[in-house]
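**Q** Sequence first, predicted model second:
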Amino acid sequence: MRSEKQILGAILLLLSVGTFPSCVSVSAYQKMHLNDKEMELNVRKVEHFEISAESYREGAAGINGGKVGGGCGCN
Amino acid sequence: MENNILKLLFITVLILNFSQLKAQETRQIDEGTLTEKEKVSNWYNDNEVDINILFNYYNQDGDHSPVTGGIGTEELQSGAMKIMVSIPLDSVSILNISTLANVYSSASTDNIDTNVSSASSEDLRLQMDVGYTKKIGAQQSYTLRASGSTESDYVSKSIGGSWSIDSNDRNRQFGIDVQAFFDHWVPIFPEELRGTDNTLIPTNKRKSYSVGFNFSQVINKKLQLLFSTEIVYQRGLLSTPFHRVYFQSEELPKIERLPNEKLKFPLGLRVNYFLNDYIILRAYYRHYSDDFGVNAHTASLEVPIKVNSFFSVYPFYRWHTQTAAKYFSGYKEHAISENFYTSDYDLSAIDSYKVGLGIHYTPVWGIGRFKFLSKKKITVFKGIDLRIAKYARSDGLDAFMISTNFAFTME
């Protein structure tokens, strides 16, 4: 239980990074690395089947491109 | 309690991020840094239609089938094909259509009745999704979507929409996503229980509503993050009518029984880091909790290794752990006095891991060019994605999956 709180706290801390204007402002011409296909923050299309299978085989689902409701078998 | 406070803080910080983003937008417009015309860039190339054809093969085996009360084979094989088409309607709007066909054979569901290899051993699932996305000005966009799916005992319909806004420098994005599912079961009960009081169910409908928030942030030239959270509320028949549950003192089983309401709360963080010209790190973490008592942590790391500018290989590893739902017990472990019960090991205390390898091959000029469907347009075979993964659960369930994506563009 304690570790769960620590993890949530760590996420909160990381999230707060975006709240304060300390991040570097990156101009469009400086985004060569960020625009790399492998740097996309989306789930890969080819990964959707796996996420669907995991949502069936585990009690947890959501926020990763997987279904959160609807469909037989999804917990 | 403390967890709930942390979660509330999480949402508050998301809202703070959003308000800051709005403030930045107003400030930059006031300063006249960009005219509206300049900001409306060509979002879509209205001559190119993207087509993705995906295939998947999945097979699993285990010994804890919920159809036979938490014991018995879970052998299953599944093959799926999905076609995704994106059609730009003009430079600011796009139509997305996808269709899915999934055929599976399951030794587990074959045990709904005693007639082995009967109709219950196979099923076909068909799904169709339609979405319309439109850019509003330079920084905002919205999507409207609808979908439907059907299989022999389950029909699902859904509607949804999302809205997102970018900061002027495009270093931040905030988005909201809402979705509603309206499903109904065609209940199939275990053969020996048909016509008995054990098969009484309060409803055959299931409704699911979700509201999701996401926020992405560029930290520097090599690092960016995505925070996501979602609240999901489900109501209706949340158990599966053909799942058996055996009790300590009873010979005959009952069908699985779960509360008719459920609240889920996943939240996650995705971090992508461009380590150098050859290696990228893609990390993901999710915390999940629901009011059935399942608390879960999921973490994954993917390491794309760029062999050259159009070919990369990426090993990946995913780890998951969860506590059991408070209504779970194994075969013949439930007491007859319990109100809710399940022997579905998907809801038990389990750890799992997935390990695998993917390749991504997209040459600059494509793999091949040919004419297809249209005499005027040329179809370019743009690239291939391939993923192979092995999945193992601590209760003994093993799975193997292979997926491919063939990407085309009509230009």
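**A** Good, I have the coordinates.
**Q** The stretch 1-150 of chain B: helices as residue ranges?
**A** Under the criterion DSSP state H, counting those that start in this stretch, helices of the stretch 1-150 of chain B are mapped to B:2-30, B:36-39.
**Q** Least confident of these, on average?
**A** Ranked by mean pLDDT, the helices of the stretch 1-150 of chain B bottom out at helix B:36-39, which scores a mean of 41.
**Q** Roughly how far does B:N111 sit from B:F242?
**A** Relative to B:F242, B:N111 is positioned 9 Å away (CB to CB, to the nearest Å). All C-beta atoms are positioned from the backbone trio N, CA, C, and that covers glycine.
**Q** which residues are common contacts for those two?
**A** Residues touching both B:N111 and B:F242 by CB atoms under 8 Å, 6 or more residues apart in numbering or on different chains: B:V67.
**Q** And the residue of the stretch 101-250 of chain B that's closest to chain A?
**A** B:S208 (2.3 Å; CB to the nearest CB).
**Q** Compute the number of surrounding residues for that residue.
**A** Close neighbours of B:S208, defined as other CB atoms under 10 Å in any protein chain shown, add up to 25.
**Q** how about it, secondary structure?
**A** Going by DSSP: H, G, I helix; E, B strand; the rest coil, the secondary structure assigned to B:S208 is strand.
**Q** So B:G366 sits against B:F381, correct?
**A** Yes. With contact defined as CB atoms under 8 Å, B:G366 counts as touching B:F381 (5.6 Å).
**Q** Might you report the residue contacts of B:Y327?
**A** By CB under 8 Å, 6+ apart, the contact list for B:Y327 reads B:L258, B:P259, B:F292, B:G293, B:E338, B:F340, B:Y341, B:T342, B:L347.
**Q** per-residue confidence at it?
**A** 96.
**Q** and it, how far is that from B:A335?
**A** B:Y327 sits 12 Å away from B:A335, going by CB to CB.
**Q** Over to B:K157?
**A** 38 Å.
**Q** who has more neighbours, those two?
**A** Using other CB under 10 Å, the more surrounded residue of B:K157 and B:A335 is B:K157, with 15 against 10.
**Q** Can you list the strands that the helix or strand harbouring the more buried one pairs with?
**A** Using DSSP states H and E, B:K157 sits in strand B:154-166. Strand B:154-166 has the following strand partners under DSSP bridges: strand B:140-151 (antiparallel), strand B:172-185 (antiparallel).
**Q** how about low-confidence regions in chain A?
**A** Low-confidence segments of chain A (pLDDT under 70): A:1-22, A:64-75.
**Q** Just the C-alphas of stretch B:157-167, formatted as PDB.
**A** Taking C-alpha atoms only, stretch B:157-167 is exported to PDB below (Å, rounded to 0.1, in the frame of the first residue of the first chain):
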ATOM      1  CA  LYS B 157     -22.700   0.200 -30.000                       C
ATOM      2  CA  SER B 158     -20.800   3.300 -29.000                       C
ATOM      3  CA  ILE B 159     -20.600   7.000 -29.700                       C
ATOM      4  CA  GLY B 160     -17.800   9.300 -28.600                       C
ATOM      5  CA  GLY B 161     -16.000  12.500 -29.200                       C
ATOM      6  CA  SER B 162     -12.800  14.300 -28.300                       C
ATOM      7  CA  TRP B 163     -11.400  17.800 -28.400                       C
ATOM      8  CA  SER B 164      -7.800  18.900 -28.100                       C
ATOM      9  CA  ILE B 165      -5.900  22.200 -28.000                       C
ATOM     10  CA  ASP B 166      -2.200  22.900 -28.800                       C
ATOM     11  CA  SER B 167      -0.200  25.700 -27.300                       C
END
